[in-house]
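Student: Next comes the sequence, and after it the predicted model I'd like to discuss.
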Amino acid sequence: MTVFLLQGIYHACFGLSYLVALLLELGRFARPAAAWRATGLAFGIAGLAAHTFYILVHHPDPAKPSGSLLLLAWVLALFYLYGTLHYAKQAWAVFVLPVVILLVSLSYALQRSENTTEYGIPTWASGERFWGAIHGTLILLATVGVSVGFMMSVMYLIQARRLRNKVNPGQVVPLLSLEKLETMNRRAVTLAFPLLTVGLLVGTLLLRHDHSLSDNWLSPKILTTAGLWVVFLVLVYLRYGTSVPPRRLALLSIAAFVLMLIALGTAHPFATGGTQ
């Protein structure tokens, strides 16, 4: 109980820092002032520093839902910091930080169920541990691509609606152009699909090699991840093989993100040692 309470305090520390940074970014666009941006960046950097310290000290397990969500949140926090500095005049943090905060919150919430679940330790050889790390890294990078595609899609839909309704740009939060957003979404999908494909292939070989995990072929983790791969396959085909409107592709990217959250939120058969 004490360990879980301390973990909750750690999560609250960087989670609230991200939240304050988000509120300050919103205030910057409501009432422009240099102090808003500087203070918001300070809180964002403080949150990222605390987030990094927690990962270095506690080593969250990427095979557990809370660990994978927390690591993804950390990578996206880096993405937030880069985008905020690079696109200083755009509402970058307004769209990235809510995703980071959501992932941190889900990670904390899932720790309760994990603390009451007995996780076995896989009896892998050193070579299998290496390929297990490769599998986890590839899947993590693929989820970053899915998340980036989701955020660019949300921005795209909002910007397209503004242009369709002829909204005065000076009266709304500034966003990148439709062309830039569509390009970034396409690059995210293009990079995420091969990473997800190779990561799944490595995971499949590991799963087949460990006969004790044979009953987990139909586990929710594997089914949802395979479903995510199918959605991405359709997304890649529609993007390059047909002339589908960008709006539909944006909606499909959002659906892929939702499916990814479900996949990350389910227990990994490697973490449960085949006792799931």
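Tutor: Everything's here; your move. Numbers count the residues shown, from 1 in each chain.

Student: Show me where the stretch 1-150 of the chain has its strands.
Tutor: Applying DSSP state E, counting those that start in this stretch to the stretch 1-150 of the chain gives no strands.

Student: Where do the helices of it begin and end?
Tutor: 2-30, 34-58, 65-86, 92-115, 126-164 (DSSP state H, counting those that start in this stretch).

Student: can you list these in a markdown table and add mean pLDDT?
Tutor: Output for these, formatted as a markdown table (pLDDT from 0 to 100):
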| stretch | mean pLDDT |
| --- | --- |
| helix 2-30 | 80 |
| helix 34-58 | 91 |
| helix 65-86 | 92 |
| helix 92-115 | 87 |
| helix 126-164 | 87 |
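
Student: Would you mind saying which of those lies nearest Val173?
Tutor: helix 2-30 (5.0 Å; Cβ to Cβ). Heads up, the C-betas are built off the backbone N, CA and C, glycines and all.

Student: and that closest one with helix 65-86, angle?
Tutor: 30 degrees (axes from the mean of the first three to the mean of the last three Cα atoms, to 10 degrees).

Student: Against which helices or strands is helix 2-30 packed?
Tutor: With contacts taken as 3 or more Cβ pairs under 8 Å, 6 or more residues apart in numbering; DSSP states H and E, helix 2-30 sits against helix 34-58, helix 92-115.

Student: now the angle from the particular helix or strand that has Thr204 in it to helix 126-164?
Tutor: Using DSSP states H and E, Thr204 falls within helix 178-209. For helix 178-209 against helix 126-164, the angle by the same axes, to 10 degrees is 160 degrees.

Student: Going C-terminal from helix 178-209, what's the next secondary structure element?
Tutor: helix 220-241.

Student: Quick one: mean pLDDT over that next one.
Tutor: Confidence for helix 220-241, expressed as mean pLDDT, is 82.

Student: Also stretch 259-276?
Tutor: Averaging pLDDT along stretch 259-276 gives 66.

Student: when you give positions from now on, start the count at 643
Tutor: Sure, I'll start counting at 643 from here, so that last one is stretch 901-918.

Student: most neighbours per residue, which of the helices and strands packed on helix 644-672?
Tutor: helix 734-757 (a mean of 20; mean count of other Cβ atoms under 10 Å).
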